[in-house]
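> structural data only, the sequence is not supplied:
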C-alpha cells in the first residue's frame, strides 16, 4: 500500500488533499517560503493524527504539523521536495471542557485563538493570550511557538498559560498529559519541552489552559517621553504602583508613528510628536473609577517629575481601541513603506536604552540615513527593531545589498547585551543558521540530544529550528 | 590516580570529607533514608563542580547533588554502597547580581532561600518563594524539586520564578543559560527540563530569578466554613474580587486545628471549631486602608451569603504572624501525635470537595476511627492529606499494618479525580515505585528517553525519580 493509500485509510479520502490550489498550506504567512507537499492531510481526531504519524513512519516519510499557518519564521510549510506530508490540525476544533471552578479550559489544537478567548468570555472569564493573528492562528501553533503578544507582562507567554498537553509522539503514541493541575511534581517537564519546539518533537493535539477572572474595567493611555531611559523609568513606576493590574506596556518610536500618520492619515494621533510614545494599559477588578484614579495619579506624578511630557487617557472603550489600533497599525504602515529588515529581539529591560542607543548609532554609522521602525513590548524587554531603507532607496535593493550586514550589527548588539535573537516568533527556517552561529555549543548539543531522543528518525519537521 | 585523589585535585583536600560524622549529608530530613558516601565533596565554584563531574565520569562513579538536604522524598542523600559521591552545593553562595530595573537576581545554587528573600527585600523588592524550610533549603534544591509553598497561587512554583539556569552537564560541561529574559524562543526549553528533575539530569549551579515590587500592605484572616464546597466558593469569590492581590489561600480541617490545640495550647485560636477553616492573605500595592476595605467587604458578603460562618481579620502584623503560625504548627502537632501516613497530592480545585468526601468515606469504611489531618494550599488544589491512626492505636503499628492499603485508597482516588501523587515534594526514592505504577507508559517512556539522552551513563542521582 502506498503512503497516500495509508493516509487515506487513516483519515478518509476526502481529507487527503493532493490537487488544486494548496497554497494556503504550502505558502507561509510572510510569503518567504513556498513548499510542495506530497499531500495535505486533515485528521479529525487525536487517534487519526496518531494514525497519520504511524503511516508516515511505516513509509519513512517526514511530516510538517501546521495550525493556522500564521507563523513568521517558515516553520509550518513543507519543503519543496513534494515528499513531506503536511499535517493540518484545522479540523481538531472541539472545546472539550470548561471548568469554571478550576479556571481551566481544555481545547483541541486546531481551535482558533479568538474562539478560545470567546469561549472564556462567555463564562465571564478571561483567556489572556492576545496577538495580531488571533483571528486565524490556532492554539496548537501558539503553543508550538510559545507565542507572546501584548499581555505577557501580566500573564506570561503561551507557556505560562498552559497546564497540560496531549501530544502524538514519534512512535505514533498518544501522551495524555491533559492535566488541569497547578502543582504536579512527578517527573520531567514534558509539557514545556513540547511547548516552543515548533513541531520538531511531536504533534500537539490538545491543551488544558489557564483562565482568569475578567477585569471589570480597563484603562488605556498614550504617554509621550523624551527618551528610552524615561520609558523604562515609567515602566518601573507603573509596576510598583499598579503591580499585576499593569497588563500592557508598549513602546513606539517617532518614526513608527510617522509612518502610521503617512499611510493611515485618518487615524487620529492624540499626542504631539516625541522621541518615544508608550501605550500603557491597566486592568482593574474593582471599578472604572478606581482604575482611573490610580492611572491618573501615576501619570500626573510622572508628568510632574519630568518622566513624561504629555499623556492622553482614553475616556471610552472606543478611544481605548483607537489607541491600540494606532499601535497595531505600525506593521501595516511599514509594509506600505516598502520591504524592511525585521528583528524580533529581547534584552533585559534594564539594557534596552543602551541597546537602542548603541545599535541605532552603529547602523547610522554604516548605513547613513537608515530609518528605524522601533516598537514593541517594552515590559517584556522585547522590541521589533526593524530597519528600513533610507528615504528614496527601494526596499528590495536595500535588502539585497545590506540584509546580512544589518543582521550582523543588530544580532551582535543583542548578544553583547545578553539578549535573544528570537523573542517571540521562534526560529523555523528563517533563523536556524543564525541560531547555529549564536547559541552556545553546549546548548545546541543538548538540543540535538533531545531531538535524537524524542524523534530518532527525524520525522517531525526536519530542518526547522536545528540545521540538519 | 584514585577517584578520591582526583576529587581532591578538583576542589582541594579540605573540601573532600570522608571521615567524622557526615550524617548532615547522609541522613535525609525526615530520617527515612540513611546512606554512606564515598566522600562529601564541596566545590566552591561552577568550574569546580564541572571538575568533580569529570572526575566521577573518568572513574565511572555516580554522584548525588545536594543543597540544604531538606527534601522530603529522599532524593538528596547517597545510597548505602559507600561508592557514590555526595556533591554539596553549600559553598556556592554568591549573589552574583541584582538588576533592579530588570527585576531579576542571579544567585548561586547554594544560596539559602531566606538569603535570597533578604537580598531582594534590601532593594525593596520581593522574591516570593516561601516555604517552611526557607531558613535552610537552597535555591538549587528549590529548583531541582520545583518547590511550591504558600505563595504559588499568585506567583507560581519555583519553575515560574526562574528565568535562567547555569547547569553542569553529564559531560562535565557548563551550560550557561543564565538569561534575564522574559521572552526567548530560540529552541527547546532546557531550563524547565532541569527544573524538577531532582538532580538526575545535571547539577544546577546558578539561577536568574524573577523579583517583584514589594506590596505595601498585607491582610490576613481566618474564616470558618461549613463545608469544602463553601471553601471552594470562597476561593472563587476571592479570586474574582482580589485577582492577583490574593496571595494565599490555605485550608485546614477541624482535626488539624484540634491537634494544634492539644499539643500547643498556648497558641490562641480566634475562631470556634468548624468543619473547615481558611487562612486567606491579600497583598496590596496601594495602602493598608485599601487592602482592609476590599478584604472586609469580601468577608462580609461571604458571611451574608452563608459561605462563611465566622471570620477574624488580623489587626496587626503580630496577629497576622500568629494566624500563619497556627497553620504552620499543624505538621509539628501531628508529629507530636505520633507517626502518620503523609500524602502531598493535588487534584483540580473543582474536584477537591468530591475527592475529600469520597476518600474520607473510603478510609473510614476500611479503617473505622481513622483520623484525617487534612490541610494545605487549596488555591493550588494541593492538599497534605495525612492519615493518622485511630485514637489509642500506636502510630508505628498502624503504619506497619496499613500504610500500603491507605496509600492505595488515597492514590486511587487521586487518579480517579485527575490528580497527582506528588504535588510539590517530588518523587525521589519515596514515590518512585508508586510513580512507575501510576504514570502512563508513554510518559515514563519519554522520561527514560530524556534521561538516556542527557545522562547516558546514569551518573546523576541514579535510582531517584525513575526506578533503575
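Arrived safely. Since the structure is predicted, the reported quantities are computational estimates derived from the model, not experimental observations.
> what residues are up against the residue in the stretch 251-400 of chain A that chain B sits nearest to?
Residue of the stretch 251-400 of chain A nearest chain B, by C-beta to the nearest C-beta: residue A:350 (3.6 Å). The way it works is simple: take the backbone N, C-alpha and C, and place the C-beta from them, glycine included. Residue A:350 is in contact with A:232, B:99, B:100, B:101, B:102, counting by C-beta atoms under 8 Å, 6 or more residues apart in numbering or on different chains.
> apart from its chain neighbours, what residue comes closest to it?
residue B:101 (3.6 Å; C-beta to C-beta, 6 or more residues apart in numbering or on different chains).
> model confidence at the one you found, what's the number?
Confidence at residue B:101, expressed as pLDDT, is 97.
> element containing it, please.
Under DSSP states H and E, no helix or strand contains residue B:101.
> you'd agree it is up against residue A:236?
Yes: between residue B:101 and residue A:236 there is a contact at 6.4 Å, judged by C-beta atoms under 8 Å.
> coming back round to it: distance to residue B:175 and neighbour count added to the contacts of residue A:350, as CSV?
Below are those laid out as CSV (distance: C-beta to C-beta, whole Å; neighbours: other C-beta atoms under 10 Å in any protein chain shown):
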residue, distance to residue B:175, neighbour count
A:232, 30, 22
B:99, 21, 18
B:100, 27, 14
B:101, 26, 16
B:102, 21, 25
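> what's the longest helix in chain A?
Of all segments of type helix in chain A, defined using DSSP state H, the longest is helix A:395-416.
> what element comes up after it heading to the C-terminus?
Assignment by DSSP H and E places the next element after helix A:395-416 at helix A:432-438.
> by contact count, what packs against that next one?
helix A:395-416 (3 or more C-beta pairs under 8 Å, 6 or more residues apart in numbering or on different chains; DSSP states H and E).
> on the three-state scheme, residue A:248 is what?
strand (DSSP: H, G, I helix; E, B strand; the rest coil).
> now it. Nearest residue, chain neighbours left out?
Sequence neighbours aside, residue A:281 is the residue nearest to residue A:248 in space, at 3.4 Å (criterion: C-beta to C-beta, 6+ apart).
> partners of the helix or strand hosting that neighbour, with directions?
Taking DSSP H and E as the definition, one finds residue A:281 inside strand A:276-284. Strand A:276-284 has its sheet partners listed here by DSSP bridges as strand A:217-225 (antiparallel), strand A:246-253 (antiparallel).
> work out the gap between that strand and the centre of the chain.
With C-alpha atoms, centre = their mean, to the nearest Å as the basis, strand A:276-284 stands 20 Å off its chain's centre.
> what's the answer for stretch A:236-253, then?
Per C-alpha atoms, centre = their mean, the centroid offset for stretch A:236-253 relative to its chain is 20 Å.
> and the residue minimising distance to the centre of chain A, its phi and psi?
Against the mean C-alpha coordinate of chain A, by C-alpha atoms, centre = their mean, the closest residue is residue A:147 at 3.6 Å. Phi and psi for residue A:147, reported as degrees, to the nearest 10, are phi -60, psi 150.
> how about it, nearest residue that isn't a chain neighbour?
residue A:158 (4.5 Å).
> can you give me the neighbour number for that neighbour?
27 (other C-beta atoms under 10 Å in any protein chain shown).
> could you pull up the mean pLDDT of the helix or strand harbouring residue A:445?
Residue A:445 is part of helix A:441-454 when elements are defined by DSSP H and E. The average pLDDT for helix A:441-454 rounds to 98.
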